[in-house]
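Undergrad: Need a 3D model of the sequence below.
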Amino acid sequence: MISKIVKTLLPITAFSCVQSNATTPKKQQKPNIIYIMCDDMGYGDLGCYGQKYILTPNIDRMAKEGMRFTQAYAGAPVSAPSRACLMTGQHSGHTEVRGNKEYWQNSKPVYYGENKDFSVVGQHPYDPNHIILPEIMKDNGYRTGMFGKWAGGYEGSVSTPDKRGVDDFYGYICQFQAHLYYPNFLNEYYKERGDTAVKRVILTENINHPMFGDEYFKRTQYSADLIHQHAMDWLKAQTKDKPFFGVFTYTLPHAELTQPDDSLVAFYKKQFFTDKTWGGQEGSRYNAVVHTHAQFAAMITRLDSYVGEILKLLDEKGLADNTLVIFTSDNGPHEEGGADPSFFNRDGKLRGIKRQCYEGGIRIPFIARWNGHIKAGVESNLPFAFYDLMPTFAEMAGVKDYVRSYRNKKKTIDYFDGISILPTLINDGIGQKKHPYLYWEFAETDQTAVRMGDWKLITIHGIPHLYNLANDLHEDHDIANEHPDIVQKMIEIAQKEHTNSELFPVTMPSLDKR
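TA: Residues are numbered from 1 along each chain as shown. Okay, the predicted model is just below:
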């Protein structure tokens with residue numbers, strides 16, 4: 001596929017965006033939003049963030065034509081709770097979903113050919129009594145589409161795309177199912193087609209072959225390509241007459257590390273002539289990999305080609321000037337399925353990976369392009385997190401006070417934790433409000449974190465560790481004993497922001513545990 005990159009992607013990279021000088025009409029249509037979020041891409045995995053080994057020309061072009069953020073944060077260090085922060089506008093001390101709790105293990109088996117699968121798949125559902133982002137956008141006249149990973153409720157639960165404001169969906173309801181890039185089925189829902197609920201689409205060419213082992217690679221229906229094609233078909237159908245909100249949650253470059261064995265993979269095999277192998281893990285649905293570096297790099301460049309096609313289509317349809325496009329990742333880099341984040345992030349800027357509250361687990365690439373609105377080639381060091389995107393998008397949709405408009409008055413407290421970053425995007429930061437601190441927690445590794453200015457407090461099993469990011473970005477020097485007053489203040493913040501969750505218990509920090 002590298003030949004295709006040379007022949008098709010490079011022209012996309014060279015495609016220059018044109019700033020609109022036309023007179024703004026008296027009544028401007030609400031801006032469109034395309035939110036592209038990939039899976040487990042680290043802060044340093046893109047060329048525009050310093051990556052030396054992987055080609056990402058289209059995403060790099062986005063950075064040149066828009067704004068690149070250097071202190072953007074995921075909602076959590078792992079998939080489902082991080083996405084929950086995006087969807088709910090709540091940090092992970094307030095969200096219902098705070099981990100990757102699964103609902104497939106005890107369901108009855110179902111067979112596709114000789115392949116044993118599960119009759120119910122998915123994760124813990126979002127709180128049905130708290131509004132989520134697609135519902136807000138739909139309420140304000142937007143056509144809503146989501147393509148990729150849902151991870152916000154299991155099949156048949158109170159929180160599936162059809163019940164939560166999504167008009168069109170195609171992809172994985174369940175993130176565990178997404179471990180297979182050649183799965184037995186995907187899920188879909190298209191409202192205008194008359195669908196009444198999310199349903200399964202059986203991939204008939206795949207189920208003739210096993211899910212694990214050498215014969216698995218005879219499967220031909222590659223989910224990443226299928227999801228992207230549905231996203232593109234949806235985008236092609238959009239017009240200037242109705243604003244649209246597209247959430248493209250691509251599963252690349254999450255493990256398993258496999259894809260079509262085309263010229264793109266062949267190109268990277270030559271780049272990493274000395275490569276690694278990995279033996280597979282059937283229980284996790286990770287098949288064996290012969291060239292781990294080549295596969296990982298090719299997955300990111302493949303994803304970059306998807307981004308290039310999206311940008312090109314928006315330009316061709318004349319929609320780029322009224323469409324905010326965001327590219328980001330759901331959390332830090334993974335080491336699953338044979339991936340080696342230490343190899344691709346040798347600069348060592350950030351400590352930690354997925355599932356850790358160190359910077360490497362939660363600081364993510366974040367790029368925004370909006371022709372004529374966001375200045376080209378701008379870098380922002382504004383610290384913000386995923387829960388700030390709900391108020392940002394709501395403001396773009398014309399909602400003056402999103403909390404007042406959408407809080408559930410039947411609840412004693414309905415948390416909304418975000419601050420709109422729209423002033424930073426389009427107004428040089430004039431009028432930008434800032435968080436006094438940011439907060440995270442993650443029960444599965446028993447960690448919490450607070451960032452207050454340059455101070456970063458991480459607690460692991462309740463034990464606090466303090467770092468100063470201004471001179472210790474890699475978080476090597478724990479200076480908690482030297483600054484007990486700062487530690488005390490940040491512990492009080494963590495205790496204030498945490499609400500108890502029986503499903504996702506975490507040990508809160510205490511000075512007594514040092």
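
Undergrad: from here on, contacts and neighbour counts on C-alpha atoms
TA: Fine.

Undergrad: Check for me that residue 456 belongs to a strand.
TA: Yes. Using DSSP: H, G, I helix; E, B strand; the rest coil, the assignment for residue 456 is a strand.

Undergrad: And it, what's its pLDDT?
TA: Looking at residue 456, its pLDDT is 98.

Undergrad: what sits against it?
TA: Residue 456 makes contacts with 449-450, 466-469, as judged by C-alpha atoms under 8 Å, 6 or more residues apart in numbering.

Undergrad: Now it: closest residue in space, sequence neighbours ignored.
TA: Leaving aside its sequence neighbours, residue 456 sits nearest to residue 467 (C-alpha to C-alpha, 6 or more residues apart in numbering; 5.1 Å).

Undergrad: on that earlier part again, I'd like the contacts of residue 456 laid out as a markdown table, including secondary structure, pLDDT and distance to residue 132.
TA: Formatted as a markdown table, the contacts of residue 456 follow (DSSP: H, G, I helix; E, B strand; the rest coil; pLDDT from 0 to 100; distance: C-alpha to C-alpha, whole Å):
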| residue | secondary structure | pLDDT | distance to residue 132 |
| --- | --- | --- | --- |
| 449 | strand | 98 | 24 |
| 450 | strand | 98 | 24 |
| 466 | strand | 98 | 34 |
| 467 | strand | 98 | 34 |
| 468 | strand | 98 | 34 |
| 469 | coil | 98 | 33 |
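
Undergrad: I'd like the distance between the closest residue to residue 505 other than its chain neighbours and residue 222.
TA: Setting aside the residues directly before and after it, residue 505 is nearest to residue 443 in space (C-alpha to C-alpha, 6+ apart), at 5.7 Å. Going from residue 443 to residue 222 by C-alpha to C-alpha, to the nearest Å gives 33 Å.

Undergrad: same deal with residue 197?
TA: For residue 197, the distance to residue 222 - C-alpha to C-alpha - is 24 Å.

Undergrad: right, and the residue nearest to residue 456 touches residue 479 too?
TA: Yes. If you go by C-alpha atoms under 8 Å, residue 467 and residue 479 touch, sitting 6.1 Å apart.

Undergrad: neighbour count winner among those two?
TA: Neighbour totals were compared for residue 467 and residue 479, and residue 467 leads with 23 against 15 (other C-alpha atoms under 10 Å).

Undergrad: In contact with the more buried one, which residues?
TA: 455-457, 475-480.

Undergrad: May I see the residues you listed arranged in CSV, with distance to residue 59 as well?
TA: Shown next, in CSV, are those (distance: C-alpha to C-alpha, whole Å):
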residue, distance to residue 59
455, 31
456, 30
457, 32
475, 28
476, 31
477, 34
478, 36
479, 38
480, 39
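
Undergrad: just checking, next helix/strand downstream of the lowest-mean-pLDDT helix or strand in the chain?
TA: Taking mean pLDDT, DSSP states H and E as the measure, the helix or strand of the chain with the lowest value is helix 10-14, at a mean of 31. Note on helix 10-14: by DSSP states H and E, the next helix or strand toward the C-terminus is strand 32-38.

Undergrad: Am I right that residue 45 is in contact with residue 51?
TA: Yes. Using C-alpha under 8 Å, residue 45 is in contact with residue 51, at 5.4 Å.

Undergrad: what about the two, which has more around it?
TA: Neighbour comparison, residue 45 and residue 51: the larger count goes to residue 45, with 25 against 17 (by other C-alpha under 10 Å).

Undergrad: Verify the assumption that that one is located in a strand.
TA: No. Assignment of residue 45 by three-state DSSP gives coil, placing it outside any strand.
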